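S.K.: sequence and computational prediction follow.
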Amino acid sequence: MRIVLFGPPGVGKGSQAALLNDRLGLRHISTGVILRAAIREGTPVGNEARKYVQAGLLVPGVVVRRLAEDELRACGYERFVLDGYPRTIEQAEWLAEFLAFNGAPLDGVLSLRVPDEIIVDRLSKRRVDPVTGENYHLDFRPPPPDLPAERVVQRSDDRPEAIRKRLRVYSDETSPVQDYYRQRGGLIEIDGVGSFEEVHERIVSALTSLVG
Ligand code: AMP
């Protein structure tokens, strides 16, 4: 099973991909998670990416391409869910070439959709545990009450100015990737409104339809 989970920031890709990892054993490959870890650790990649991530801009493609390809290689090109890659047509073309070269084309691209006002609410109320990477929502999925404050953190790119920037970048640079996949077949649109479990069920039935 080789899939991309696609959609705007805040649509729930990361949480759903983590659930696919837990329940179906798909390797969750998130370029955003890898970049944030690199930034925290102060690696050369992290130092190069920091200013882009914090401003809500795309990190130069060659950097994320390498990160994604390393992860795909590490899982033997099988049983993965990509989250946050590809984000441009150029990245989509790199990915197609890379997977074709390794004899492992995508089975499908699942595009999660929710209205803009829900996206802004989800992003501004999102908190993350830097230790486990777990995502919370202050109203719908509150962090456990005994979790120390330093483990309930707002991502710097979830502040209002960066959210606006990321949504602009999404509509200018990333949403065309959806048409790219639509034209090639294999794009499945999924309603991302509803509970965590409801959306998960929709994803699982889409995956079942993909593998027949
Ligand atoms: P995410 O966690 O997927 O929302 O990603 C957080 C940030 O990491 C994005 O706003 C970008 O700055 C950067 N990033 C993640 N994936 C990519 C990518 N495929 N191309 C460029 N930048 C990326």
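M.R.: Thanks, I have the structure now.

S.K.: from now on I want contacts and neighbour counts done on CA atoms only, so please keep to that.
M.R.: OK.

S.K.: and the longest helix for this structure?
M.R.: helix 196-211 (DSSP state H).

S.K.: buried residues in that helix?
M.R.: By 16 or more other Cα atoms under 10 Å, the buried positions in helix 196-211 come out as Val199, His200, Ile203, Ala206, Leu207.

S.K.: quick one: contacts for the fourth one?
M.R.: The contact partners of Ala206, by Cα atoms under 8 Å, 6 or more residues apart in numbering, come to Leu110, Ile188.

S.K.: from Ile188, how far out is it?
M.R.: For Ala206, the distance to Ile188 (Cα to Cα, to the nearest Å) stands at 7 Å.

S.K.: check the second one too.
M.R.: Look at His200 and Ile188: by Cα to Cα, they are 14 Å apart.

S.K.: you'd agree Asn21 is up against Ile29?
M.R.: No - counting by Cα atoms under 8 Å, Asn21 does not reach Ile29; the two are 9.7 Å apart.

S.K.: the more surrounded of the two?
M.R.: Ile29 (25 against 17; other Cα atoms under 10 Å).

S.K.: and that one, which helix or strand is it part of?
M.R.: For Ile29, the host element (DSSP states H and E) is strand 27-30.

S.K.: tell me the first helix or strand C-terminal of that strand.
M.R.: Beyond strand 27-30 toward the C-terminal end (DSSP H and E), the next one is helix 31-41.

S.K.: just the buried positions in that next one, please.
M.R.: For helix 31-41, the neighbour count (16+ other Cα under 10 Å) marks Thr31, Gly32, Ile34, Leu35, Arg36, Ala38, Ile39 as buried.

S.K.: tell me the one of those residues nearest Phe140?
M.R.: Gly32 (22.7 Å; Cα to Cα).

S.K.: what's the closest non-adjacent residue to the closest one?
M.R.: Gly84 (6.6 Å; Cα to Cα, 6 or more residues apart in numbering).

S.K.: what's the distance between that neighbour and Pro160?
M.R.: Taking Cα to Cα, one finds Gly84 at 20 Å from Pro160.

S.K.: those two - which one has more neighbours?
M.R.: When neighbours are counted by other Cα under 10 Å, Gly84 comes out ahead of the other of Gly84 and Pro160, with 22 against 13.

S.K.: the more buried one against Ile34, yeah?
M.R.: No - if you go by Cα under 8 Å, Gly84 and Ile34 don't touch, sitting 10.6 Å apart.

S.K.: where does the protein have low pLDDT?
M.R.: For the chain, the stretches with pLDDT under 70 are 212.

S.K.: mind checking the SS state of the residue sitting furthest away from the middle of it?
M.R.: Relative to the mean C-alpha coordinate of the chain, counting by Cα atoms, centre = their mean, the farthest residue is Asp146 (27.9 Å). Secondary structure, DSSP: H, G, I helix; E, B strand; the rest coil: Asp146 is coil.

S.K.: picking up where we left off before, anything in contact with each of Ala206 and Ile188?
M.R.: Common contact partners of Ala206 and Ile188 (Cα under 8 Å, 6+ apart): Leu110.

S.K.: and the helices in this structure?
M.R.: 13-24, 31-41, 44-55, 61-74, 89-101, 116-124, 160-169, 175-184, 196-211.

S.K.: sounds good, over and out.
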